[in-house]
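Engineer: Provided below for reference: sequence and predicted model.
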Amino acid sequence: MKSLGSFRRKFAPWNDPEAKPYISFENVTKKFGDFTAVDDLSLTIYNREFFALLGASGCGKSTLLRMLAGFEEPTSGRILLDGQDMRGIPPYKRPVNMMFQSYALFPHMTVEGNIAFGLKQDGMPANEIAARVAEMLKLVKLEQFAKRKPHQLSGGQRQRVALARCVAKRPKVLLLDEPLGALDKKLREETQFELMDLQMKLGLTFVVVTHDQEEAMTMADRIAVMDKGKVKQVATPAEVYEAPNSKFVADFIGNVNMFEGTVSTVVPGKVDIDVPADKITIRTDATRDCAAGQSVGFAIRPEKIRLSRKEPANTAVNAAHGELYDIAYFGDMTVFHVRLESGRIIKAASLNAVRTVEDPLGYDDMVWVNFDTDAGILLTA
Amino acid sequence: MNTTWSRFNIVSLVIGFAFLYLPIVLLVVFSFNESRLVTVWAGFSTKWYVSLFNNKSFIDAAWVTIRVGLISATFATILGTLGALALTRYTRFRGRMLFSAMIYAPLVMPEVITGLSLLLLFVAIGFDRGIWTVTLAHITFTMCFVAVVVQSRLVTFDRSLEEAAMDLGATPVTTFFKVTLPVIMPAVVSGWMLAFTLSLDDLVISSFTSGPGATTLPMRIYSQVRLGVTPEINAACTILIAIVAVGVVIASIANKRREVQKARDEQAAARH
């Protein structure tokens, strides 16, 4: 497993200008009547990548997947897979396989029959089919369930049959539509890691559609955050979280405190933002170009905000005073809601690294919030 | 739930069932009557069954009925299934509502009108009336029943099953025969049975569209009754009832068993 880990760490073809894209969407638009599901979208995915399309329902992520599978044709633009234009190629001739959200197991066939179905369509000899089916059953640990029908299986087992069925044909790309959506939380977490292992073992390209950001962050090499048929940002999970490129992405991924203000002064390396609504001045690292007077956004994650009863050394910038309004205790961490004098609620999270704290923060305590100049993100879009 | 029986419940049950089954019971009982007189009981006998099987015109009519039923039910099932597929699949074509309504219309159309219009058609195109015209007429009026039965199943059919099959490399034709048809098969079989039963007991449309040498059993019975009811007819009807009853009982037992088995399997699976 160690070798896989190091491979994973070095795996970043998107930073390599020489790397050839494996799947490319070129200015793809898809309209259903008046509704534009996918809007002039371009995207590249590399071989052996675990790629996640993340967005709220109706953002066009499933349509994108279905166009790749061949169930929908783009209204305009083109899709290339391994250099080949996919236009006009029906689903049954595409070297991609899809795992459906409902699993879509054939109810009248046994587990074996389901897995063998795709292989039979290829005209594979019977003994090879039997060998491949046995191999797949072993891969998903369902050997003793080979003769069962889908309705005789639990949800988790059905999910594994669906997975075995679509990897059995060794497709170039595996498409997964909300693969873990129907599983309960505990099983979902286990299965995430199983899927990642499987992807590494088989060396396939995975494109997964999900609305669950935790799932996308855990599994994917890169995430495309989508909204209204457009891609807002394509980046690694860490980049999407720590360096979102827009207010939408910052707000969509994880928890965030968002401030809207105007740039007051720009000194080399630092930007000061006035937030009159909350009577606070923010000083942040100048990660983006901006000019004095420009209205900008500032996003800061709750875990990057410090809370203390003691007044910080510098209260002129990046500090505010307020009362503890709400406390949400999650066990591993606690989220505090601090109400500033302006009425604004600031979320601050702290890890409960110590079991018992002397004199912990309680409701109605007056506290100071403050943060460093590199803790937040300056947003101009 | 209240499971005790009040007197009111018992009385209404008895009256209801008497209303439904008394005539049939009477018919069955008198088919075993010794006497020629239908309303006077004169002892048990099976002689009317013997004479029925020796009556060539009855046996011929039975054969005609069965042949018409088998052929028309089969074709009606094929056409009805295709119609149901078209109507549930292509939901976006112009005039779909009209077509939908048109497939249901024959269900409520008076049989006299269906029979008469078919007769006029056969006369107009110079089609000699006989067993084939009856068969065609039966296909016409039973296929909409099949379409309705199959359509109600297709509405709940998970389209992703077909997409999965195509995704795995099956052409649309293979997908239909290997996935769609097996899944909707129970509905198609019930559609066939419904069509067969309807064809079996149809009198009005058959009378309009049949010709010489193509007398169906209901027509035979009806014409016989006009000359006076004989216990032979009671015997014929009793046999028909027996066949239908056995079919219904077998079908419902098989259905119940499947359901119980499925529920048990699902419970067992959930425990894993």
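Structural biologist: Noted; the coordinates are in hand. Owing to the predicted nature of the structure, the values given are computational and were not obtained by experimental measurement. Residues are numbered from 1 along each chain as shown, chains lettered A, B, ... in the order given.

Engineer: Around residue A:34, count how many other residues there are.
Structural biologist: 5 (other CB atoms under 10 Å in any protein chain shown). Bear in mind the C-beta positions are built from the backbone N, C-alpha and C, glycine included.

Engineer: Would you give the sheet partners of the helix or strand that residue A:24 is a member of, along with the direction of each?
Structural biologist: Residue A:24 is part of strand A:23-32 when elements are defined by DSSP states H and E. Paired with strand A:23-32 in the same sheet, following DSSP bridges, are strand A:35-45 (antiparallel), strand A:76-81 (antiparallel).

Engineer: What lies in contact with the last one?
Structural biologist: Translated: strand A:76-81. Counting by CB atoms under 8 Å, 6 or more residues apart in numbering or on different chains, strand A:76-81 makes contact with A:21-29, A:40-42, A:67-68, A:85-87, A:94-96, A:172-173, all of which sit outside it.

Engineer: Per-residue confidence, the most centrally placed residue in chain A, what does it come out as?
Structural biologist: Taking CA atoms, centre = their mean, the centroid of chain A lies closest to residue A:216, which sits 3.0 Å from it. Looking at residue A:216, its pLDDT stands at 91.

Engineer: Equivalent analysis for residue B:130, please.
Structural biologist: Note on residue B:130: pLDDT of 87.

Engineer: Residue numbers of the stretch 101-250 of chain A in contact with chain B?
Structural biologist: Those residues of the stretch 101-250 of chain A that sit near chain B, judged by CB under 8 Å from any CB of the partner chain, are A:101-102, A:104-108, A:117-118, A:121-122, A:149, A:151-154, A:157, A:165-166, A:169.

Engineer: Now list the buried members of those.
Structural biologist: A:101-102, A:104-106, A:108, A:117-118, A:121, A:149, A:152-154, A:157, A:165-166, A:169 (16 or more other CB atoms under 10 Å in any protein chain shown).

Engineer: so of those residues, which ones are in helices?
Structural biologist: A:117-118, A:121, A:157, A:165-166 (DSSP state H).

Engineer: what about the longest helix in the chain?
Structural biologist: In the absence of a named chain, this looks at chain A. helix A:185-202.

Engineer: nope, chain B please
Structural biologist: Across chain B, the longest stretch assigned as helix under DSSP H is helix B:231-270.

Engineer: And that helix, what's buried?
Structural biologist: Neighbour-count burial for helix B:231-270 [16+ other CB under 10 Å]: B:231-240, B:265, B:269.

Engineer: do the same with stretch A:44-63
Structural biologist: Residues of stretch A:44-63 classed as buried: A:44-55, A:59-63 (neighbour count, 16+ other CB under 10 Å).

Engineer: And for stretch B:53-65?
Structural biologist: So for stretch B:53-65, counting by 16+ other CB under 10 Å, buried means B:55, B:58, B:61-62, B:64-65.

Engineer: one step back: output the longest helix of chain A as CSV, nothing but the C-alphas.
Structural biologist: Only the C-alpha atoms of helix A:185-202 are listed here, as CSV (Å, rounded to 0.1, in the frame of the first residue of the first chain):
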residue,chain,number,x,y,z
LYS,A,185,-23.4,6.8,6.7
LYS,A,186,-21.2,4.2,8.2
LEU,A,187,-21.2,1.9,5.2
ARG,A,188,-20.7,5.0,3.0
GLU,A,189,-17.4,5.9,4.7
GLU,A,190,-16.1,2.3,4.4
THR,A,191,-17.1,2.1,0.8
GLN,A,192,-15.4,5.4,-0.1
PHE,A,193,-12.0,3.8,0.8
GLU,A,194,-12.9,0.6,-1.0
LEU,A,195,-13.7,2.5,-4.2
MET,A,196,-10.3,4.4,-3.9
ASP,A,197,-8.4,1.1,-3.5
LEU,A,198,-10.3,-0.4,-6.4
GLN,A,199,-9.5,2.5,-8.6
MET,A,200,-5.8,2.2,-7.8
LYS,A,201,-5.7,-1.5,-8.2
LEU,A,202,-7.5,-1.5,-11.6
